[in-house]
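following is a predicted model, sequence given first.
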Amino acid sequence: MALKQLSLLLMLLSFLGVDARFFTLQNRCRNTIWPGILTAPGRPQLIDDGVHLRPGHAINITAPEGWSGRFWGRHGCTFDSSGSGNCITGDCGGKLKCAGTGGTPPASLAEFTLDSPEGDFYDVSLVDGYNMPVSIIPSRGYGRCKAVKCRSDLNQNCPGGLEVRNKGYIVGCKSACMAFNKPEYCCTKDFNSPKKCQPTSYSKVFKASCPQAYSYAYDDATSTFTCHGADYIIRFC
């Protein structure tokens, strides 16, 4: 469904008093991507996530009440007729259908918890590293409802020691936690509190590239957003 058709559908549903909620996954990248979806335990599932999006294409998903989970983009994927294969980044267990398996870091995440008393919570997270630009654009909601955009190509500015390469090209940027597994980067052990776990030289590079995104575990103040009753475009690239 094209975005213009989606807008007309949303207007009709609003006119009829139907309180449907939608996610629109939109590929603005130059290459085909395979969106991955991971639903939080105990939450209703979304559609079968074995889909792919060619450049310029989008898919619309109805969001059940109270849904919580994350989306990410997989790229460079190859699958056989049984759905087995792999992706260069964001792979989920070597399968076309992630079926409850999260994306292998590094992966840029769009995260949601819908219908809490305070509204929907949403964020873009680079805590698991970065593989492609991703943005969240709310519509039809009320409240502050800010767009959260991470459009910079962090792969081109990835700090030394964090690069993930494929055939000589940087295709992802690890988090410092993933790369070095030290408490001061992972916010664990003696650093397991907002006061003790502070931004590092690595997380500051992530934050400079995507100021609205989570750059490390306790980056809440500038990276968590709320909106009531919105639909959301999740735009890759």
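Looks like it came in fine. Residues are numbered from 1 along each chain as shown.

so where's this protein uncertain?
By pLDDT under 70, the weakly predicted segments of the chain are 1-19, 48.

mind jotting down where the strands sit in this structure?
Applying DSSP state E to the chain gives strands spanning 22-27, 33-39, 58-62, 68-75, 78-79, 85-86, 109-116, 119-125, 134-139, 148-150, 163-166, 169-173, 225-227, 231-236.

so what does the last one touch, helix or strand wise?
Read that as strand 231-236. When contacts are defined as 3 or more C-beta pairs under 8 Å, 6 or more residues apart in numbering; DSSP states H and E, strand 231-236 packs onto strand 22-27, strand 33-39, strand 134-139. Every C-beta, even on glycine, is put in place using the N, C-alpha and C of the backbone.

would you reformat these as CSV and include mean neighbour count and distance to Pro105?
Listed next are the helices and strands packed on strand 231-236 as CSV, based on neighbours: other C-beta atoms under 10 Å; distance: least, C-beta to C-beta, whole Å:
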stretch, mean neighbour count, distance to Pro105
strand 22-27, 21, 20
strand 33-39, 23, 12
strand 134-139, 22, 14
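
and the residue lying closest to Ser152 once chain neighbours are set aside, how many neighbours?
Once flanking residues are discounted, Ser152 sits nearest to Ser209: 4.1 Å by C-beta to C-beta, 6 or more residues apart in numbering. Ser209 is flanked by 22 other residues according to other C-beta atoms under 10 Å.

quick one: contacts for Ser209?
Cys150, Ser152, Leu154, Asn157 (C-beta atoms under 8 Å, 6 or more residues apart in numbering).

from Asp80, how far out is the second one?
Taking C-beta to C-beta, to the nearest Å as the measure, Ser152 and Asp80 are separated by 35 Å.

thanks a lot, see you next time.
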